[in-house]
Structure formats: structure tokens, C-alpha cells
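S.K.: okay, sequence plus prediction incoming.
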Amino acid sequence: MSVFAVYESSTGTVVGAVKAIGTPVPTADALVGDALPVRLSLGTGPATLSLPGRELAVHEADDQPEVFVEPLAYGVTRPAGQSPKPALAKLAELPAPTFDNAGLLVALQEKTSQDTTVFALVSEGQETLPVHGVVKAGEDHLSLPVTVSAGAHAVLLLVAGRAGRLDEVEKP
């Protein structure tokens, strides 16, 4: 039995997984189409973020039942000093994002030793705003430039090497 982990390609964070028997590795668009809908219930009603299929890739992984329960906690990584084949690994926790005067504030629990890719989706009404950035080596935070109205927003935050988050974030 195969597990196909669908992950965001710039960060490696898993956003979904499916099991299959005797099936070759599918493409991301064969599994999710043009976009993967990510839903979150906000205090003001449901919000749907649209994760574009072009941002996704698929990895055939060993059977790990936990990835079906909490996919954002896993990532497709290349273990250092080991086989060049990617592996599915449980990722370190990530603090919840907040909004600051410049945009979406991403804070890490420690300074990074290398540049770290960040990808986020932010709801603004019926729209999904994608934002990319890099936490530079030696830094522990980044403010992603995004302009949104005051109120509750759905935010999908993916940071390389950290567990993904899907949160309601209030913009003052």
C-alpha cells in the first residue's frame, strides 16, 4: 500500500495525503486539480483558501497513519548525510502568526542557521492572497508584506522545516 503525500513544493510542508494500492505515483494536478481548497471556520463564517496546484508536488512515502490525522505536522525532507531520497518527517512546531503594521508577522522559536522559505495564504473576503518570503540566516522573524482589511482572516502558514499552521488571525 502506498501513501501519496501532497506537499507545497517550496517549503516541503505536507497539506494532504491519500492511500492507494497498486497505483503509480500520480501528479499533483491528478490528485487536486487546479487548486486544493483549504477551509477554516472563522467567527464570521467559513473561509476557503485556494492553494494553487502549481505550488504542489507529490511524494510516495512509507505508510504513516499519523499523516492522515495531522498532515500539516509533516514535511518532505532530505535527511542530512543519508540517502538522497526524500523522507516524510514530523516537523518542529511553529508559533501562530500575527498581523503587524507591515503585514503578516512570522516568528520562529529560534534564529535560523540558513535561509528559510516561507509561503502563506491569507483570506481577504472571497480572495486568497499568496505571499512568499525568506527568513534570512541568523534571523528569527519575517514580516510578509500583505494588505488586508481589519477583522478575522484565515491564514495558512508554511515554513520550511516547521509544521504548517491553519489559523484565524485577527487584523486590528
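M.R.: Received it, and whenever you're ready, just let me know what you need.

S.K.: all strands of the protein, in order?
M.R.: 2-8, 14-20, 35-42, 45-52, 56-61, 74-77, 87-90, 98-99, 103-107, 116-124, 127-135, 141-145, 151-159, 165-171 (DSSP state E).

S.K.: those: which one's closest to Asp29?
M.R.: Among those, strand 56-61 comes nearest to Asp29, with 8.0 Å by CB to CB. Every C-beta, even on glycine, is put in place using the N, C-alpha and C of the backbone.

S.K.: ok, the residue of the chain most remote from its centre to Ser2 distance?
M.R.: Farthest-out residue of the chain from its mean C-alpha position, per CA atoms, centre = their mean: Gly22, at 28.1 Å. The gap separating Gly22 from Ser2 is 8 Å, by CB to CB, to the nearest Å.

S.K.: do the same with Glu139
M.R.: 38 Å.

S.K.: go on, Ala35?
M.R.: 24 Å.

S.K.: pLDDT below threshold where in the protein?
M.R.: 1, 78-85 (pLDDT under 70).

S.K.: now do the contacts for the most centrally placed residue in the chain.
M.R.: Centroid-nearest residue in the chain, with CA atoms, centre = their mean: Leu158, separated by 3.3 Å. Contacts for Leu158 were tallied using CB atoms under 8 Å, 6 or more residues apart in numbering; they are Glu8, Ser10, Thr11, Thr13, Val15, Leu72, Val118, Phe119, Ala120, Gly164.

S.K.: try it again with 10 Å
M.R.: Contact analysis of Leu158 by CB atoms under 10 Å, 6 or more residues apart in numbering lists 7-8, 10-15, 51, 55, 72, 75, 94, 117-121, 164-166.

S.K.: okay, and the beta partners of Arg39?
M.R.: Arg39 has these beta-bridge partners by DSSP bridges: Thr48.

S.K.: that should have said Thr98, apologies.
M.R.: Leu105.
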